[in-house]
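Visitor: one predicted model, sequence on top.
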Amino acid sequence: MTNAFKKLFGGINLTWPKLIIAAVIAGIFTAAMAIIPAVHFTSFNTITVTLEVWILFGILIIMNSKSNLDSALKCFVFFLISQPLVYLIQVPFSDMGWGLFSYYRFWFIWTILCLPMGFIGYYIKMGKWWGYLILLPMVLITATSLYKYMNYFIFYRPFYILITIFCACAMIFYPVLIFENKKIKITGAIIGAVIATAIVALAAIRPMGYSTEVISSGEEYTFDDSYKVSFADDKYGDIEIKYDSSLEDYVVYADFKRGGKTSIILESPSGEKKEFDIMIKMD
């Protein structure tokens, strides 16, 4: 297993044909994850939104390149092929059609940045202590993903557990797999572990739920504070009826602590019940 990882991080003869094939495969896979409804709101869909897996691809390209220029060009071409392909494949399946390419702006900026990042990133291969300083921004970007997906895991559990584990492991093991110097390995692993532990603890102590008005009196059903309101399953959070002075009417106000499908039940003083189906999502 160790030898396999060592080969992955520097032992591959990364020719241009191999790079182009890898870029096409990455683009097709990412598009599929965006199209298939069954993987939405799961770890597999995150590759379509955030950078952590693409950072891994970039590091692997850098570690298997032959020079600064080779690294810069290969990182650039990999993103230049894979990212437009992601959107191109989705066009026939989306109501937005070609409008999907409006989202490509973000990825195009990162594609351009691949040129200097790939060039500078090649110095990681020198094995010096300052090589970890070059790697550190990629660790910190992965840390932002860890914070996001740890919160998503808490909100949608058990979903997002795989990407949460991936981000934490990447932060710790990148320096272990990249550098030969034991001091750099240990120091980098400790830094990654400390940051990852702090993020997980923060998300666990202060989970990222949200509160909002979900039903207004008179929209589908008239009610006031004499009514009772509840979730079909109270694991989704807390819910109550409040008077909204701006609307001059009563509203159902929810403090969501977990995502998923459930129902809101309104019960009148006479015992009449009305159910409202709801899908709770964290935007």
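Guide: Arrived safely, thanks for sending.
Visitor: give me the contact list for stretch 159-171.
Guide: Contacting residues not belonging to stretch 159-171 are listed as 41-44, 46, 52-53, 55-56, 139, 142-143, 145-146, 149-150, 152-153, 192-193, 195-196, 200 [CB atoms under 8 Å, 6 or more residues apart in numbering]. In this view, the C-beta of every residue, glycine as well, is placed from N, C-alpha and C.
Visitor: pretty sure residue 249 contacts residue 218?
Guide: Yes. Counting by CB atoms under 8 Å, residue 249 touches residue 218, with 6.4 Å between them.
Visitor: those two: which is more packed in?
Guide: Between residue 249 and residue 218, counted using other CB atoms under 10 Å, residue 249 has the larger neighbour count: 15 against 11.
Visitor: what sits against the more buried one?
Guide: Counting by CB under 8 Å, 6+ apart, residue 249 makes contact with 216, 217, 218, 243.
Visitor: swap in 10 Å and give it another go.
Guide: Contact partners of residue 249, counting by CB atoms under 10 Å, 6 or more residues apart in numbering, are 216, 217, 218, 219, 222, 223, 224, 243.
Visitor: pull out the buried members of those.
Guide: Among the contacts of residue 249, those buried by neighbour count (16 or more other CB atoms under 10 Å) are 216, 217, 223.
Visitor: tell me which of the residues you listed is nearest to residue 94?
Guide: residue 216 (31.8 Å; CB to CB).
Visitor: would you state the strands of the stretch 151-283 of the chain in chain order?
Guide: 210-216, 228-231, 237-244, 249-256, 260-267, 273-280 (DSSP state E, counting those that start in this stretch).
Visitor: tell me the pLDDT at residue 283?
Guide: Predicted confidence (pLDDT) for residue 283: 63.
Visitor: let me redo that: residue 1
Guide: 53.
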